[in-house]
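J.: Got a predicted structure plus its sequence, pasted below:
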Amino acid sequence: MSVRTIAAALGLASGLAIGFATGLASPAVAQFKKDLPPVTCATVDSIGMAEMTADGTITLHLKSLWPDPHEDSDLTYAPDDPQYGEIRKHLGGIKPGQSKPIPPFC
């Protein structure tokens with residue numbers, strides 16, 4: 001599963017994926033969203049925090065985006081996980097004991 005697939009799955013789970021929100025929103029939510037600027041990578045600095053433990057495990061603490069920020073998720077990647085390298089690269093590198101913001105998956 002690619003990072004984009006993970007991002008899409010997370011967005012679908014919370015109903016707030018960047019680029020998918022308007023297409024999947026209910027009519028009532030879609031009406032509300034017309035008054036809001038679109039959510040784009042340029043408008044989002046971070047979608048949560050990542051941390052690496054001493055054993056190299058990376059945990060992504062993901063936050064959902066407005067206008068309905070109520071879904072949070074944690075995803076954990078051990079060094080032997082097939083997606084570990086891709087996640088670490090997306091974070092721009094991370095070291096044991098370090099925490100850093102997660103850039104959007106765009």
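T.: That came in fine, so what should we check first? Numbering: from 1, shown residues only.

J.: Could you give the number of residues near M52?
T.: 21 (other CB atoms under 10 Å). C-betas here are computed from N, CA, C, even on glycine.

J.: what's near enough to touch it?
T.: Listed by CB atoms under 8 Å, 6 or more residues apart in numbering, the contact set of M52 reads 58-59, 94-99.

J.: Contact partners for Y84?
T.: 58, 77-78.

J.: cool, I58 as well?
T.: 50-52, 76-77, 84, 87-88, 91, 94.

J.: Can you flag the buried ones in these?
T.: Among the contacts of I58, those classed as buried by 16 or more other CB atoms under 10 Å are 50, 52, 77, 87-88, 91, 94.

J.: quick one: which of the residues you listed sit in helices?
T.: Using DSSP state H, the members of the buried ones among the contacts of I58 that fall in helices are 87-88.

J.: got the buried ones among the contacts of I58 as CSV, with distance to C41 columns?
T.: Converted to CSV, the buried ones among the contacts of I58 look like this (distance: CB to CB, whole Å):
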residue, distance to C41
A50, 17
M52, 24
Y77, 22
I87, 18
R88, 20
L91, 15
I94, 20
